[in-house]
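Undergrad: quick one: sequence plus predicted model below, questions after.
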Amino acid sequence: MTLSIRLPAEDETLLERAAAALHISKSEFIRRSIAAYAGKVMPVERAAAEIDALYIGKGGGLRRPESVANLARRAILERLREKHGYAR
């Protein structure tokens, strides 16, 4: 999903400096920031269920790939976990 936001110049500068300090893109910095903030304001169980629903659908497959019967879907889940570190 693409999202467009407007930032004041000082916020954009802050974003650029912070992302550069971590050697990551501005988009990655924003994704990490959203995940960190969401984790603080939402109960862990709810956040986990929303991540599952967003990426795989309801049923907890992201947390337990072995529970997914479809072998192709299970392989995709395992690759997502390896690539993005979900549910570790």
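TA: Thanks, I have it.
Undergrad: from here on, contacts and neighbour counts on C-alpha atoms
TA: Noted.
Undergrad: could you give the mean pLDDT of the longest helix belonging to the chain?
TA: Across the chain, the longest stretch assigned as helix under DSSP state H is helix 26-41. Here helix 26-41 scores 85 as its mean pLDDT.
Undergrad: buried ones in it?
TA: 26, 29 (16 or more other CA atoms under 10 Å).
Undergrad: quick one: contacts of that helix?
TA: 15, 16, 18, 19, 47 (CA atoms under 8 Å, 6 or more residues apart in numbering).
Undergrad: and the residues you listed, which of them are in strands?
TA: Of the contacts of helix 26-41, none are assigned to strands by DSSP state E.
Undergrad: pLDDT below threshold where in the chain?
TA: 43-49, 51-69, 84-88 (pLDDT under 70).
Undergrad: mind jotting down where the helices sit in it?
TA: Using DSSP H, helices in the chain cover 9-22, 26-41, 44-55, 71-84.
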